[in-house]
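A.B. asks: any chance you can model this:
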Amino acid sequence: MMEMRATTKRSYSHCVDRLREPFLASIIFTLICSLVCADHNTAKIKAVVEITPQASFGLRTGWKNIFYERVNYGFVLAPDGTIFVSNPTEDVIYKLDPSGNILGKIGRPGQGPGDLTAPNRLSILDNKYIVVSENPESRRISLFDLSGRFKKLIKTESYAYSALALKEDKIAVLSLYALPNGVDRHTITIIDVESLEAIEVATIDRKMPRGSVESPDLWGQVFLERTAEGQLLVGFSESPTLTLYDVGGKSQKRFDVRYKKTKITNSLKNECFKQIENIDHLSESMKKIFLRTYKRSDVHIPEFAPYYEDLKMDGEGNILVFQHNICSDVNGYSCQAYSDKGAYLGDAVFRFVGCKPAYKGLSGFQFDGHYAYGFIENPGDQFSVKLIKSERRLGD
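C.D. replies: Presented below is the predicted three-dimensional model:
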């Protein structure tokens, strides 16, 4: 068991040759036929992908007893199909079999080696370690092997908001700290978990109004994703540019998404307020606190919406960029697909059938081949969530 501190060392141009998966091939064929590329904020014809829960997945699991609050749970799939799910409320990680049945727990509440403090994002490094992001204020990242044994604790100099496994013993860490001039500085660092050498690869500054309430999801967010080849994909949603880095921290490719900036009109502002004030998912005590303290005049809404709302890898090696919900006029969740070289592949719409996502859009979902895994609202209990598995199908 080890506790280590990392120190920082400063330091899609062509289409894919062939489509390996029939799912993506179907999307591309549909989009080539429709030829709707004139305005990518209002494309009228898109491939539709349906997400429907498998009834047998986790059938014997008491979801409302373990995921009983609407907090951000993280999860990751191991190569053998085992699923690890973080529970920040209990300060543990649940281990599930490929059918969604609970096998046991990993970790325990606390601040020492092998303990966990509000674990959230999970990822798997080189098929041997579970990389655990914890409460940012704890400034720590924990590593466990796939059997659940604690291996290493890495301390960071700044608040660590997200840790992502890459390859060759490298992880990417997103840190955040506030500058005196009202700027939030995001720093992205690649750390070798064995040598603890750290290379700073990017810094992103975001100007924020101080002393007021942020409108959720309307200010730029920093996204980190791992490509199928183990490269680091970085996006900042106030910019259309996505950047790919190798594990040495060198920029390999930059490209712009096709979504345009959308000005937030008065009608869109009212829609934003409605979304903020939709508090049915809160407990009665939290509703009272919210209504007592909330004022529209305190909420800062920017002049323009972010270029996109979320960034995902689709499980087939392609990049999905999800349109911001206030910019979309379709029934579902719109996205653009790009190859890992930056080539635009087409548009699609994801729709949920017989279920409702627990979080905004597909933010609580991951893709593995033809399957989607993610959190939905638990039927019959508006406060708890459940994990589902779904085969992605082309819809009408």
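
A.B. asks: only C-alpha atoms from now on, for both contacts and neighbour counts.
C.D. replies: Noted.

A.B. asks: contacts only, for the closest residue to residue 79 other than its chain neighbours.
C.D. replies: Nearest residue to residue 79 in three dimensions, chain neighbours excluded: residue 127, at 7.0 Å (C-alpha to C-alpha, 6 or more residues apart in numbering). With contacts defined as C-alpha atoms under 8 Å, 6 or more residues apart in numbering, residue 127 is in contact with 78, 79, 146.

A.B. asks: highest neighbour count among these?
C.D. replies: Per-residue neighbour counts (other C-alpha atoms under 10 Å) across these peak at residue 78, which has 19 neighbours.

A.B. asks: need phi/psi at that residue.
C.D. replies: The phi/psi pair for residue 78 (degrees, to the nearest 10) reads phi -80, psi 160.

A.B. asks: so what pLDDT did the residue nearest to residue 79 get?
C.D. replies: At residue 127 the predicted local confidence, pLDDT, stands at 96.

A.B. asks: which SS class is it?
C.D. replies: coil (DSSP: H, G, I helix; E, B strand; the rest coil).

A.B. asks: quick check: residue 208 touching residue 184?
C.D. replies: Yes. Residue 208 is within contact range of residue 184, at 6.9 Å (criterion: C-alpha atoms under 8 Å).

A.B. asks: tell me where the stretch 51-200 of the chain has helices.
C.D. replies: 63-66 (DSSP state H, counting those that start in this stretch).

A.B. asks: what mean pLDDT does the helix or strand where residue 382 lies get?
C.D. replies: Using DSSP states H and E, residue 382 sits within strand 381-391. Strand 381-391 carries an average pLDDT of 87.

A.B. asks: quick one on the thing from earlier: identify, from the contacts of residue 127, the entry nearest to residue 52.
C.D. replies: Closest to residue 52 out of these is residue 78 (22.3 Å), distances taken as C-alpha to C-alpha.

A.B. asks: okay, now the unreliable bits of the stretch 251-396 of the chain?
C.D. replies: Residue ranges of the stretch 251-396 of the chain with pLDDT under 70: 275-276, 279-283, 291, 294, 327-330, 394-396.

A.B. asks: could you pull out the strands for it?
C.D. replies: 251-256, 262-263, 299-300, 304-305, 310-313, 319-322, 333-338, 344-352, 365-368, 371-378, 381-391, 393-394 (DSSP state E, counting those that start in this stretch).

A.B. asks: out of the ones you listed, which gets nearest to residue 278?
C.D. replies: Residue 278 sits nearest to strand 381-391 of all the strands of the stretch 251-396 of the chain, at 13.0 Å, using C-alpha to C-alpha.

A.B. asks: and the angle for the closest one with strand 344-352?
C.D. replies: 130 degrees (axes from the mean of the first three to the mean of the last three C-alpha atoms, to 10 degrees).

A.B. asks: tell me which residues in the strand holding residue 382 are buried?
C.D. replies: 382, 383, 384, 385, 386, 387, 388, 389, 390, 391 (16 or more other C-alpha atoms under 10 Å).

A.B. asks: go on, stretch 252-268?
C.D. replies: By 16+ other C-alpha under 10 Å, the buried positions in stretch 252-268 come out as 253, 254, 255, 257, 258, 259, 260, 261, 264.

A.B. asks: isn't residue 373 up against residue 392?
C.D. replies: No. Look at residue 373 against residue 392 with C-alpha under 8 Å: they stay out of range, at 10.0 Å.

A.B. asks: re the thing from before, now the strands of the stretch 251-396 of the chain as a markdown table including distance to residue 226?
C.D. replies: Putting those into a markdown table (distance: least, C-alpha to C-alpha, whole Å) gives the following:
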| stretch | distance to residue 226 |
| --- | --- |
| strand 251-256 | 14 |
| strand 262-263 | 28 |
| strand 299-300 | 32 |
| strand 304-305 | 25 |
| strand 310-313 | 7 |
| strand 319-322 | 10 |
| strand 333-338 | 14 |
| strand 344-352 | 18 |
| strand 365-368 | 12 |
| strand 371-378 | 17 |
| strand 381-391 | 21 |
| strand 393-394 | 24 |
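
A.B. asks: nearest to residue 107, of these?
C.D. replies: Closest among the strands of the stretch 251-396 of the chain, using C-alpha to C-alpha: strand 381-391, at 20.3 Å.

A.B. asks: show me how far the closest one is from its chain's centre.
C.D. replies: Relative to the mean C-alpha coordinate of its chain, strand 381-391 is positioned 17 Å out (C-alpha atoms, centre = their mean, to the nearest Å).

A.B. asks: what is that strand packed up against?
C.D. replies: helix 63-66, strand 371-378 (3 or more C-alpha pairs under 8 Å, 6 or more residues apart in numbering; DSSP states H and E).

A.B. asks: partners of it, with directions?
C.D. replies: Counting by DSSP bridges, the strands paired with strand 381-391 are strand 371-378 (antiparallel).

A.B. asks: and the strand it pairs with, which residues are buried?
C.D. replies: For strand 371-378, the buried set under the neighbour-count rule, 16+ other C-alpha under 10 Å, comprises 372, 373, 374, 375, 376, 377, 378.

A.B. asks: make JSON lines out of those and add distance to residue 60.
C.D. replies: Formatted as JSON lines, the buried residues of strand 371-378 follow (distance: C-alpha to C-alpha, whole Å):
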{"residue": "372", "distance to residue 60": "20"}
{"residue": "373", "distance to residue 60": "17"}
{"residue": "374", "distance to residue 60": "17"}
{"residue": "375", "distance to residue 60": "17"}
{"residue": "376", "distance to residue 60": "17"}
{"residue": "377", "distance to residue 60": "17"}
{"residue": "378", "distance to residue 60": "14"}
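
A.B. asks: of the residues you listed, which is the nearest to residue 346?
C.D. replies: Using C-alpha to C-alpha, residue 372 is the member of these that sits closest to residue 346, with 19.3 Å.

A.B. asks: with that, I have no additional questions.
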